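A.B. asks: sequence-free structure coming up:
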């Protein structure tokens with residue numbers, strides 16, 4: 001094992017994240033932390049009594065994981081949490097610190113979504129209809145918590161092209177006993193008059209309160225504002241993007257064109273350009289609230305929470321020293 005050859009569990013996790021077999025920010029973050037713990041066990045055997053080799057191995061694993069999904073900020077935040085707590089003078093001490101940090105991070109994630117769900121549920125009233133976009137376990141947690149409170153909630157679920165993650169949302173809401181109406185994305189404006197809230201998740205949130213989420217979120221938010229329908233983002237604090245505090249912009253991932261059109265249909269149409277951006281940015285003025293496990297925040301004030309959690313910038317402990 002070398003600095004550029006992580007253990008098999010890390011490579012497998014990275015592949016699953018890149019191909020979206022592992023999806024959802026919390027799930028991605030948890031998988032990354034667990035992969036680092038497995039890397040620590042493998043690196044400890046390989047490095048034996050060489051702490052420098054152990055650290056190099058962990059950095060290499062971090063880089064492999066980091067490169068899979070550039071927009072999903074929960075991934076580097078998970079890597080930061082674990083790798084910044086890598087401490088010790090011996091390989092065994094380093095191993096134990098990484099495994100312990102990974103376990104602590106996963107336990108925090110488990111609690112965070114339940115706490116967030118309770119906060120979001122308080123914004124929903126008995127009899128409300130909620131419109132969703134894409135698939136967000138944080139958004140689902142709010143609806144499920146409202147149902148657990150005894151509220152009757154129904155949902156209008158956008159299919160969310162091109163990967164149709166809305167189908168996952170529809171299935172899981174039905175499993176929770178929520179009546180679901182599935183619609184195509186372009187029908188959203190028609191149905192906004194029939195809903196009480198729009199509820200979305202986030203892949204990352206910028207320091208100015210901009211919400212980076214599945215493509216189509218910004219258009220939905222503009223339509224919701226025009227219709228007077230409140231829209232909230234449900235997002236754990238692992239979605240906050242600390243690099244934006246120092247002027248960095250969020251990279252919007254461009255995915256494979258075959259998610260949009262198959263090769264056979266493309267050939268029949270002829271020479272065309274196909275683009276498949278995975279995300280867009282919703283300006284804070286179109287978002288009513290951001291709900292986290294630490295409470296509800298106006299989008300413009302999320303920077304205060306970000307500074308409390310991350311300071312004024314974001315280290316990259318996976319980088320070469």
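C.D. replies: Ah, there it is. Being a predicted model, the structure only gives us computed values, none of them experimental.

A.B. asks: which stretches of this protein have low pLDDT?
C.D. replies: 1-4, 71, 313 (pLDDT under 70).

A.B. asks: going by residue numbers, what spans are strands in this structure?
C.D. replies: 129-132, 154-158, 180-183, 197-200, 204-205, 211-214, 231-234, 279-282, 289-292, 295-297 (DSSP state E).

A.B. asks: counting by contacts, list what the shortest one packs against.
C.D. replies: To tie it back to what came earlier, the one meant is strand 204-205. With contacts taken as 3 or more CB pairs under 8 Å, 6 or more residues apart in numbering; DSSP states H and E, strand 204-205 sits against strand 211-214. The C-beta positions use only the backbone N, C-alpha and C, and glycine is treated the same way.

A.B. asks: and the contacts of the strand it packs on?
C.D. replies: Among residues not part of strand 211-214, those counted as contacts by CB atoms under 8 Å, 6 or more residues apart in numbering are 71, 133-134, 160, 165, 200-206, 217, 221, 233, 235, 241, 250, 252, 278-282, 284, 287, 290, 299.

A.B. asks: circling back: ok, which of the strands of the chain comes nearest residue 53?
C.D. replies: strand 204-205 (33.1 Å; CB to CB).

A.B. asks: and the closest one, how far out from the chain's middle?
C.D. replies: What separates the centre of strand 204-205 from the centre of its chain is 8 Å, taken as CA atoms, centre = their mean, to the nearest Å.

A.B. asks: who does the spatially closest residue to residue 197 that is not a sequence neighbour bridge with?
C.D. replies: Nearest residue to residue 197, sequence neighbours excluded (CB to CB, 6 or more residues apart in numbering): residue 130, at 5.0 Å. With DSSP bridges applied, residue 130 shows beta-bridge pairing to residue 155, residue 197.

A.B. asks: so residue 130 sits against residue 158, correct?
C.D. replies: No - using CB atoms under 8 Å, residue 130 is not in contact with residue 158; the gap is 11.5 Å.

A.B. asks: out of the two, which sits in the busier spot?
C.D. replies: Neighbour count, other CB atoms under 10 Å: between residue 130 and residue 158, residue 158 has more, with 28 against 23.

A.B. asks: against which helices or strands is the longest helix along the chain packed?
C.D. replies: Counting residues, the longest helix found in the chain (DSSP state H) is helix 91-121. If contacts are counted by 3+ CB pairs under 8 Å, 6+ apart, helix 91-121 sits against helix 25-47, helix 51-66, helix 74-83, helix 137-148, strand 231-234, strand 289-292.

A.B. asks: reformat these as JSON lines; add distance to residue 96.
C.D. replies: Shown next, in JSON lines, are these (distance: least, CB to CB, whole Å):
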{"stretch": "helix 25-47", "distance to residue 96": "8"}
{"stretch": "helix 51-66", "distance to residue 96": "12"}
{"stretch": "helix 74-83", "distance to residue 96": "13"}
{"stretch": "helix 137-148", "distance to residue 96": "30"}
{"stretch": "strand 231-234", "distance to residue 96": "35"}
{"stretch": "strand 289-292", "distance to residue 96": "31"}
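
A.B. asks: between those, which gets nearest to residue 266?
C.D. replies: helix 25-47 (30.1 Å).

A.B. asks: tell me the buried residues in that closest one?
C.D. replies: For helix 25-47, a neighbour-count test (16 or more other CB atoms under 10 Å) marks 25-26, 28-40, 42-44, 47 as buried.

A.B. asks: pick the most deeply packed of the strands of the chain.
C.D. replies: Mean neighbours per residue, mean count of other CB atoms under 10 Å, is largest over the strands of the chain for strand 204-205, with a mean of 30.

A.B. asks: contacting residues around that one?
C.D. replies: Contacts for strand 204-205 (CB under 8 Å, 6+ apart): 71-74, 211-212, 233, 235, 239-241, 250, 290, 302.

A.B. asks: 10 Å instead?
C.D. replies: Residues from elsewhere that reach strand 204-205, judged by CB atoms under 10 Å, 6 or more residues apart in numbering: 25, 70-77, 210-213, 233, 235, 237-244, 250-251, 279, 281-282, 284, 287, 290, 292, 297, 299, 302-303, 305-306.

A.B. asks: out of those residues, which end up buried?
C.D. replies: Buried among the contacts of strand 204-205 by 16+ other CB under 10 Å: 25, 70-77, 210-213, 233, 235, 237-244, 250, 279, 281-282, 284, 287, 290, 292, 297, 299, 302-303, 305-306.

A.B. asks: about what we covered before: contacting residues for the residue nearest to residue 197?
C.D. replies: 123-124, 139, 142-143, 146, 153-157, 173, 178, 195-199, 232.
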